[in-house]
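J.: Provided below for reference: sequence and predicted model.
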Amino acid sequence: MRLALYQPDIPQNAGAMLRLGACFRVPVDIIEPCGFPLDDKRLRRSAMDYGGACDFLRHDSWEAFLATVRARTGQRVVLLSTASAVAYTDFSFGQDDVLLLGRESHGVPEHVHAAADASVRIPIAAEMRSLNVAIAAAIVLGEALRQQRRFDGRTVL
């Protein structure tokens, strides 16, 4: 299982997701260009001392990321999207899935939606637009890891 951030805008959110990846031993893919320098001090501050513990890979573009994913056997790109008809709780996650999160400001373009193997949403109150991207990542990653029995009750296996 992996997290992938599509052209993140906000270094604090990217840092929080690097910390999430470190704590759950889930690699993180960062698809550039980012809306900030990747070595930005706010990113380092958000990830705290967890940034070095996270296995993360930078991709120069969406095309480079997608080529890497497609070269790995059995990986699916699962997009978290407010436009999806499938609730994340009704989806069967696989151990090699890549959970893709869009930009905070614009989500992902249509060609990224079209390239995803599946998409899921987090049901929220009808009058609300969306959750913070790092919170959404934590919610869906937690369920995906639970389905894969990656927790032994106290620590991630």
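T.: Perfect, I can see it now. Residues are numbered from 1 along each chain as shown.
J.: who's in contact with Asp96?
T.: Listed by Cβ atoms under 8 Å, 6 or more residues apart in numbering, the contact partners of Asp96 are Met1, Arg72, Gly74, Gln75, Arg76. Where you see a C-beta, it was placed from the backbone N, CA and C, and this is true even at glycine.
J.: Check for me that it belongs to a strand.
T.: No. Per DSSP: H, G, I helix; E, B strand; the rest coil, Asp96 lies outside any strand segment and is coil.
J.: where in this protein is pLDDT low?
T.: 39-51, 152-157 (pLDDT under 70).
J.: Show me where it has its strands.
T.: Taking DSSP state E as the criterion, the chain carries its strands at 2-6, 28-31, 56-59, 77-80, 98-101, 118-120.
J.: Export those as CSV, with columns for distance to Leu38.
T.: Formatted as CSV, the strands of the chain follow (distance: least, Cβ to Cβ, whole Å):
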stretch, distance to Leu38
strand 2-6, 11
strand 28-31, 7
strand 56-59, 7
strand 77-80, 22
strand 98-101, 16
strand 118-120, 26
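J.: center of this protein, which residue is that?
T.: Taking Cα atoms, centre = their mean, the centroid of the chain lies closest to Leu3, which sits 3.5 Å from it.
J.: what residues are up against it?
T.: The neighbours of Leu3, taking Cβ under 8 Å, 6+ apart as the test, are Met17, Leu20, Gly21, Val26, Pro27, Val28, Asp29, Val98, Leu99, Leu101, Ala137, Leu141.
J.: just curious, which of these is nearest to Ser61?
T.: Proximity to Ser61 was ranked across those by Cβ to Cβ; first place goes to Asp29, at 12.0 Å.
J.: ok, that closest one touching Phe65?
T.: Yes. Using Cβ atoms under 8 Å, Asp29 makes contact with Phe65 at a distance of 6.1 Å.
J.: who touches both of these two?
T.: Here Asp29 and Phe65 have Ala4, His59 as joint contacts, going by Cβ under 8 Å, 6+ apart.
J.: The two - which one has more neighbours?
T.: Counted by other Cβ atoms under 10 Å, Asp29 and Phe65 do not tie: Phe65 has more neighbours, with 24 against 21.
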